[in-house]
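> no sequence on this one, just coordinates:
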């Protein structure tokens, strides 16, 4: 019974929209249809250490360090990682946890993440981590809390399960929670925030998600053109440049959104390429998938 409860929480978490498998689709397209110009990008790639597989590549800090998750190939456990601009990967497991995720990083090297605790029944909690200092984050009105992003001025964003059927986003600043919930949506995920308080993420009331920008209580929907199966916005920097992903069949495709225009992110020879975040220097992080199942992480500068 304990294992079943734990697996249910993991499945719920793995359904969140930053993942390539974010949407459970009733219809599948055989291939992608692209409706934006292709960005010109210079990629630097990295792989998982021996014995591990890259599960997610998420945000990138202003120091160029990338955060994400690894799968232990032997135990199938999930653990967080940071990958420095100098090429050093450091693994991290939250205290008293079964599984750990690192999702975002700010300009001071502070990380935002989530973990599944070892209590019964299991619950998901957010956390902030800088150096060896760990601070758990649990929304006071929720059984489960996910923390995704943070900025340089002390605000962090995430989502919490308000009920068994409703998930809402939030912004946490100076100990105060502000709910971010798109009207009448069953799920709102706040995934990233810049230093000006602009929040991006996704919302949904069906198996199709919509990207959003939220600032000062106002939502603006931003969807990739003709993205029939949905859009999720993964990152925003202080210049207002947004990165995100759109869903087409079994694949997820990354893009840049700037000044009202979309540009797709394509790694030559890959099956598809997704985004995880963008820093204030314009450096984009994400993941590359190849036919056959192999995958690489990347940072990229795009024009």
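Cool, got the structure. All values derive from a computational prediction rather than experimental measurement.
> make it CA atoms for all contacts and neighbour counts henceforth
Noted.
> report pLDDT for residue 120.
Predicted confidence (pLDDT) for residue 120: 89.
> that one: neighbouring residues, count only.
Counted with other C-alpha atoms under 10 Å, residues neighbouring residue 120 total 11.
> for it, helix, strand, or coil?
Recorded secondary structure, residue 120: coil (DSSP: H, G, I helix; E, B strand; the rest coil).
> all further residue positions should be reported with the first residue as 29.
In the new numbering, first residue 29, that becomes residue 148.
> stretch 291-299: how far from the chain's middle?
19 Å (C-alpha atoms, centre = their mean, to the nearest Å).
> what's the first-to-last distance across it?
Using C-alpha to C-alpha, to the nearest Å, one end of stretch 291-299 lies 17 Å from the other.
> mind listing the helices for the stretch 29-178 of the chain?
With helices called from DSSP state H, counting those that start in this stretch, the stretch 29-178 of the chain shows them at 30-42.
> so which residues of it form strands?
65-66, 69-74, 80-88, 94-100, 106-111, 117-120, 125-133, 139-145, 152-158, 161-165, 173-178 (DSSP state E, counting those that start in this stretch).
> mean pLDDT, mean neighbour count and distance to residue 186 added to these, as CSV?
Listed next are the strands of the stretch 29-178 of the chain as CSV, based on pLDDT from 0 to 100; neighbours: other C-alpha atoms under 10 Å; distance: least, C-alpha to C-alpha, whole Å:
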stretch, mean pLDDT, mean neighbour count, distance to residue 186
strand 65-66, 95, 14, 30
strand 69-74, 98, 15, 27
strand 80-88, 98, 26, 14
strand 94-100, 98, 25, 16
strand 106-111, 98, 23, 17
strand 117-120, 98, 15, 20
strand 125-133, 97, 27, 10
strand 139-145, 98, 27, 9
strand 152-158, 97, 21, 8
strand 161-165, 97, 14, 10
strand 173-178, 98, 32, 4
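> dump these into CSV; add distance to residue 316 as well.
Formatted as CSV, those follow (distance: least, C-alpha to C-alpha, whole Å):
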stretch, distance to residue 316
strand 65-66, 16
strand 69-74, 9
strand 80-88, 9
strand 94-100, 14
strand 106-111, 16
strand 117-120, 18
strand 125-133, 17
strand 139-145, 22
strand 152-158, 27
strand 161-165, 30
strand 173-178, 21
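> out of the ones you listed, flag the one nearest residue 223.
Proximity to residue 223 (C-alpha to C-alpha) singles out strand 173-178 among the strands of the stretch 29-178 of the chain, at 8.7 Å.
> how far does that closest one sit from the chain's center?
The answer for strand 173-178 is 9 Å, by C-alpha atoms, centre = their mean.
> and the next element down the chain from that strand?
Sequence-wise, the next helix or strand downstream of strand 173-178 (DSSP states H and E) is strand 184-189.
> ok now that next one, how far from the chain's centre?
Distance, centroid of strand 184-189 to centroid of chain: 12 Å (C-alpha atoms, centre = their mean).
> next: stretch 103-118.
Distance of stretch 103-118 from its chain centroid, counting by C-alpha atoms, centre = their mean, is 16 Å.
> can you check stretch 192-200 too?
Taking C-alpha atoms, centre = their mean, one finds the center of stretch 192-200 at 15 Å from the center of the full chain.
> and residue 249, how far is that from residue 239?
6 Å.
> tell me which of these two has more neighbours.
With neighbours defined as other C-alpha under 10 Å, residue 249 and residue 239 compare such that residue 239 has more, 25 against 15.
> list the buried residues of the strand or helix carrying that one.
If you go by DSSP H and E, residue 239 is part of strand 238-243. Neighbour-count burial for strand 238-243 flags 238-242 (criterion: 16 or more other C-alpha atoms under 10 Å).
> now swap in stretch 277-294 and tell me
277-285, 290-294.
> just those residues: which are in strands?
Of the positions in those, 279-285, 290-292 sit in strands, assigned by DSSP state E.
> list the contacts of residue 127.
105-107, 121, 143-145 (C-alpha atoms under 8 Å, 6 or more residues apart in numbering).
> try it again with 10 Å
38, 97, 99, 104-108, 121, 142-146, 152 (C-alpha atoms under 10 Å, 6 or more residues apart in numbering).
> what's across from it in the sheet?
Taking DSSP bridges as the rule, residue 127 bridges to residue 144.
> do the same with residue 84
residue 97.
> you'd agree it is up against residue 325?
Yes: using C-alpha atoms under 10 Å, residue 84 is in contact with residue 325, at 8.4 Å.
> okay, and the common contacts of those two?
Common contact partners of residue 84 and residue 325 (C-alpha under 10 Å, 6+ apart): 96, 302-304, 314-315.
> for the residues you listed, work out which two are farthest apart.
Among the shared contacts of residue 84 and residue 325, 96 and 302 lie farthest apart (C-alpha to C-alpha), at 13.2 Å.
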